[in-house]
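Colleague: Coordinates for the following, if possible.
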Amino acid sequence: MTTPLLRPIVDADLPALLEINTAAVPAVNRVPAEELAALVADSALALTVDDGAPAGLLIALPPGLGYASENYTWFSSRADAAGTGFLYVDRIVVAERLRGTGIGRRLYEAVFAAAAEQGCDEVLCEVNVEPPNPGSMRFHLGLGFVEVGRQRTKDGTVEVALLARPVG
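Modeller: Next up is the predicted model:
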């Protein structure tokens, strides 16, 4: 098997990436096609995993967007209060065929490098604790993320652990 490539997302990738994202629900939120395209356009970093076809994605957002995500809003308020800069990983999804191959770690290494280049203090993300996603929690804790808060979202139907990892 050839080592999958990490490359910027292009418009032609979006239909396949939307399918990959939808297949991963409820570990990630469902997203309409128009919103996925807008997230890519607003991102500080938008990567796809390419093993001959799109096989994963990572979208990291900078501060200062008018993005209505409850988690992005929580992190933005926290960063404003602390005077810190960040990249927020809005979503990371890897197709089933590449899970367990280290590609998730490679995607995060790219985010950590981009955050350092952009002078950010932290990389931020959240992981569902209700419904539970213990594999994702282990993965993120193993990368050095720590829990900095929790909140209920989606009208109380989901609880997330809000995670941060210092850059550097």
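Colleague: From here on, just use CA atoms for contacts and neighbour counts.
Modeller: Fine.
Colleague: Could you check the top helix by length along the chain and say which residues are buried?
Modeller: Looking across the chain with DSSP state H, the single longest helix is helix 103-117. Residues 103, 104, 107, 108, 110, 111, 112, 114, 115, 116 are the ones in helix 103-117 that count as buried (16 or more other C-alpha atoms under 10 Å).
Colleague: Contacts for the next helix-or-strand element following it next, please.
Modeller: Per DSSP states H and E, the first helix or strand lying C-terminal to helix 103-117 is strand 122-130. Contact with strand 122-130 is made by 27, 71, 75, 84-90, 111-112, 115, 133, 136-137, 157-167, as judged by C-alpha atoms under 8 Å, 6 or more residues apart in numbering.
Colleague: Filter the residues you listed down to the buried ones, PyMOL style.
Modeller: Remark: buried members of the contacts of strand 122-130, expressed as a PyMOL selection using 16+ other C-alpha under 10 Å:
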select buried, resi 27+71+75+85+86+87+88+89+90+111+112+115+137+159+160+161+162+163+164+165+166+167
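Colleague: all strands in this protein, in order from the N-terminus.
Modeller: Applying DSSP state E to the chain gives strands spanning 5-8, 45-50, 54-61, 86-94, 122-130, 146-153, 158-166.
Colleague: Same list (those) but as JSON lines, adding distance to residue 39.
Modeller: Formatted as JSON lines, the strands of the chain follow (distance: least, C-alpha to C-alpha, whole Å):
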{"stretch": "strand 5-8", "distance to residue 39": "13"}
{"stretch": "strand 45-50", "distance to residue 39": "9"}
{"stretch": "strand 54-61", "distance to residue 39": "7"}
{"stretch": "strand 86-94", "distance to residue 39": "9"}
{"stretch": "strand 122-130", "distance to residue 39": "15"}
{"stretch": "strand 146-153", "distance to residue 39": "19"}
{"stretch": "strand 158-166", "distance to residue 39": "20"}
